[in-house]
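Student: Output the structure for:
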Amino acid sequence: AEDEPLIALDLENCLNGAGFHVLGPVQRVRQALDIVASEHLDAAVLDVNLGGEPIWPVAQALAAKLLPSSA
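Tutor: Predicted coordinates for the structure are as follows:
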């Protein structure tokens, strides 16, 4: 998740070059939350501020997916 186009492109190129499949980049918190909800993710790169919105809801959603649920 990165809202600066040149930084996002550079990150995407670096990660693709390292063999990762990149979903994104996304420029809005809502887009990032949609990806977290719908995709299996092995890792995430998050900008602290996306278009003026704090990224914390996305970080919390990622953490929630990693925590085992108790029945």
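Student: How far off centre is stretch 54-63?
Tutor: 9 Å (C-alpha atoms, centre = their mean, to the nearest Å).
Student: quick one: contacts of the longest helix anywhere in the chain?
Tutor: Ranked by number of residues, the top helix in the chain under DSSP state H is helix 5-17. Here helix 5-17 makes contact (C-beta atoms under 8 Å, 6 or more residues apart in numbering) with 2, 22, 24, 25, 27, 45, 47. C-betas here are computed from N, CA, C, even on glycine.
Student: what about residue 41, which SS state?
Tutor: coil (DSSP: H, G, I helix; E, B strand; the rest coil).
Student: pretty sure it contacts residue 24?
Tutor: No. Between residue 41 and residue 24 there is no contact under C-beta atoms under 8 Å: 10.4 Å.
Student: Sticking with residue 45, tell me its helix or strand.
Tutor: Counting by DSSP states H and E, there is no helix or strand that carries residue 45.
Student: ok, and the closest non-adjacent residue to it?
Tutor: In space, and not counting its chain neighbours, residue 45 is closest to residue 11: 6.1 Å by C-beta to C-beta, 6 or more residues apart in numbering.
Student: Flag the shaky bits of the protein, pLDDT-wise.
Tutor: 67-71 (pLDDT under 70).
Student: If you count neighbours, what's buried in stretch 6-23?
Tutor: Neighbour-count burial for stretch 6-23 flags 8, 11, 12, 15 (criterion: 16 or more other C-beta atoms under 10 Å).
Student: State the distance from the last one to residue 9.
Tutor: The spacing between residue 15 and residue 9, counted by C-beta to C-beta, to the nearest Å, is 11 Å.
Student: hang on, the earlier thing: and for residue 41 and residue 24, which residues touch both?
Tutor: Joint contacts of residue 41 and residue 24 (C-beta under 8 Å, 6+ apart) are residue 35.
Student: Between the two, which has more neighbouring residues?
Tutor: residue 24 (16 against 11; other C-beta atoms under 10 Å).
Student: Now do the phi/psi pair for the more buried one.
Tutor: phi 120, psi -160 (degrees, to the nearest 10).
Student: got it, and residue 26?
Tutor: Main-chain torsions, residue 26, degrees, to the nearest 10: phi -110, psi 150.
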